[in-house]
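Chemist: only the shape, not the letters, is given here:
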């Protein structure tokens, strides 16, 4: 059980390299295809896979992920369906992290959601519209099911608050690199390094950077500064075009070592 | 229950409702906003300035008006209107926009964003931005731009940039989602003026504080008629800002019944409505926990109302609380009933109400028939109806 609990932490800790976390949307473009894509990504050399549960009003997401979510919903994806996708992909052995907005969890029943996620072999959960003040009782149910609860720090988060967020996080700490929503950007913002070193003061957990990361030069810039990078919209865009994102992952991985 | 116990949120919540369900990026801005608002509210200089703008710019106090011919038509109950339609720009929305613009100036933020449904809040925001020299961007759904085209032209003339929102149902919900995303991106330089008592804490409390002037004035004006209070106060509820604005002053008057009127659209049973309190369940939308129209999986449902200002799948968390403690009764009125009330009021009183308060006027008629002669009803006439002429046929 201890080993299970440390799964994400161990998988994401850098070892002279930068770990890569890929993101895909459950049910995008439809359920069967997203399971196929997830299985391929699982074997592509990534350290973990984030699987998004689609939501009608994704406040933290940019146009690419929003559109993927709308397509998934239009093709009948549900919370239950997303857990089935997660289960099929987790069976490949890759640590799976669910990314979901809070309302689908509340309506599904947080206790049931936690138990079913654990049963599906999920390692942790990220809820982007659940700041630490609102975390309980949902986070409690997740912890009780031995799931990691990953919280985010943002460029606008003051230092004392960073410390509190780190103390709530397990598995890893998610550093949002940009003041904004998800979506590939040409360049990563300046001032990112200060955020990473501030977060590093408060936790021994692996740090992962996310939002806007999509290119080899981003990987090079991040390697050595934190443990992992999350690539989302760029992969979802590949899936939208009929691909599976594996070629992109392999190309990015070259810059991670 | 004391006034403060009912109306003061604890940890950002009214009972179980409210909270701050937003991305981490916004949390420090919400904390700053809360501190600045409490500071400004307690600052006599700020209050003096606000009072000055209310008098000379908005045109307050707005009168209360005896709707005698409508009263007669509805069977003899005395019906009064609180005339928010006489506010500058034609609706109560300016009460909130002026206060939040002053707060933005105090915070040193020069860029303002807003969402709008009927366009009344967009116009109010564009108006204060013109008045105070602020940069203004308004998000509005394609569908609402079509049915409220006059307000789009007004906003543009006032110097605002109107951004068309084509996602989802292309109405107020989607405009709000887009505005929040803009805020997540530009939070360091931008203040978001939310138009109703919705969104994350402190918005529901702050907008309520700025709108309660409606009820504070109306209660005093009503008492000055013959020393008595109304039996019933009626207001329409979309997000619920005019309703909270007029209800707050009467919350402790236990003999005064409070009735909130939502949009039943084509009928609650058809599923084509916007009545969150009557037909929804608790959930999270746009940063707060309240009643929401949603499916079993927590996806927000499309709504329908002939009135763009009520066409919203959520409602302010304080209304959710007032519903659950049964201090306010919430009912729903259809498109058709609202249009009939719109025409009746226009013909009998020479006052063309917006379609939003036309829902409340219809309900006032229902209550009047129950109360009979001698009953006393106060209706919040939250805005004027020029904007709605294309939505109701000429007859």
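Modeler: Perfect, thanks for sending it. Since we're looking at a predicted model, the values are computed, not measured. Numbering: from 1, shown residues only, chains lettered A, B, ... in the order given.
Chemist: got the contact list for residue B:29?
Modeler: A:156, B:183, B:187 (CB atoms under 8 Å, 6 or more residues apart in numbering or on different chains). In short, each C-beta sits where N, CA and C put it, glycine included.
Chemist: am I right that it sits in a helix?
Modeler: Yes - per DSSP: H, G, I helix; E, B strand; the rest coil, residue B:29 lies within a helix segment.
Chemist: what about it, distance to residue A:157?
Modeler: 11 Å (CB to CB, to the nearest Å).
Chemist: likewise for residue B:316?
Modeler: Residue B:316 sits 28 Å away from residue A:157, going by CB to CB.
Chemist: of the two, who's got more company?
Modeler: residue B:316 (32 against 23; other CB atoms under 10 Å in any protein chain shown).
Chemist: show me what contacts residue B:230?
Modeler: B:80, B:222, B:256, B:376-378.
Chemist: which SSE is it in?
Modeler: Residue B:230 belongs to no helix or strand when assigned by DSSP states H and E.
Chemist: quick check: phi and psi at residue 126.
Modeler: This is for chain A. phi -120, psi 130 (degrees, to the nearest 10).
Chemist: the chain in question should be chain B.
Modeler: phi -60, psi -40.
Chemist: what about it, how many residues close to it?
Modeler: Number of residues near residue B:126 (other CB under 10 Å) recorded here: 30.
Chemist: likewise residue B:300?
Modeler: For residue B:300, the neighbour count with other CB under 10 Å is 24.
Chemist: try residue A:131
Modeler: 26.
Chemist: not counting sequence-adjacent ones, nearest residue to residue A:13?
Modeler: With CB to CB, 6 or more residues apart in numbering or on different chains as the criterion, residue A:13 has its nearest non-adjacent residue at 4.7 Å, and that residue is residue A:206.
Chemist: also residue B:156?
Modeler: Going by CB to CB, 6+ apart, residue B:156 has residue B:162 as its nearest residue, at 6.2 Å.
Chemist: where does residue A:45 sit: helix, strand or coil?
Modeler: Criterion first, three-state DSSP; result for residue A:45: coil.
Chemist: give me the element the closest residue to it other than its chain neighbours is part of.
Modeler: Distances taken as CB to CB, 6+ apart place residue A:253 nearest to residue A:45, at 5.1 Å, with adjacent residues excluded. Assigned by DSSP H and E, residue A:253 falls within helix A:246-254.
Chemist: just give the number of residues close to the residue in the stretch 101-250 of chain A that chain B sits nearest to.
Modeler: The nearest approach of the stretch 101-250 of chain A to chain B comes at residue A:107, 3.4 Å away (CB to the nearest CB). By other CB under 10 Å, 21 other residues sit near residue A:107.
Chemist: test my guess that it contacts residue B:292.
Modeler: No - under the criterion of CB atoms under 8 Å, residue A:107 is not in contact with residue B:292, lying 9.3 Å apart.
Chemist: residues of chain B that sit close to chain A?
Modeler: B:11-12, B:19-29, B:167-168, B:173, B:177, B:180-181, B:184-188, B:281, B:283-287, B:292, B:294, B:296-300 (CB under 8 Å from any CB of the partner chain).
Chemist: cutoff 7 Å now
Modeler: B:19-25, B:27-29, B:168, B:177, B:180-181, B:184-185, B:187-188, B:283-285, B:294, B:296-300 (CB under 7 Å from any CB of the partner chain).
Chemist: just the buried members of those residues?
Modeler: B:19-25, B:27-29, B:168, B:177, B:180-181, B:184-185, B:187, B:283-285, B:294, B:297-300 (16 or more other CB atoms under 10 Å in any protein chain shown).
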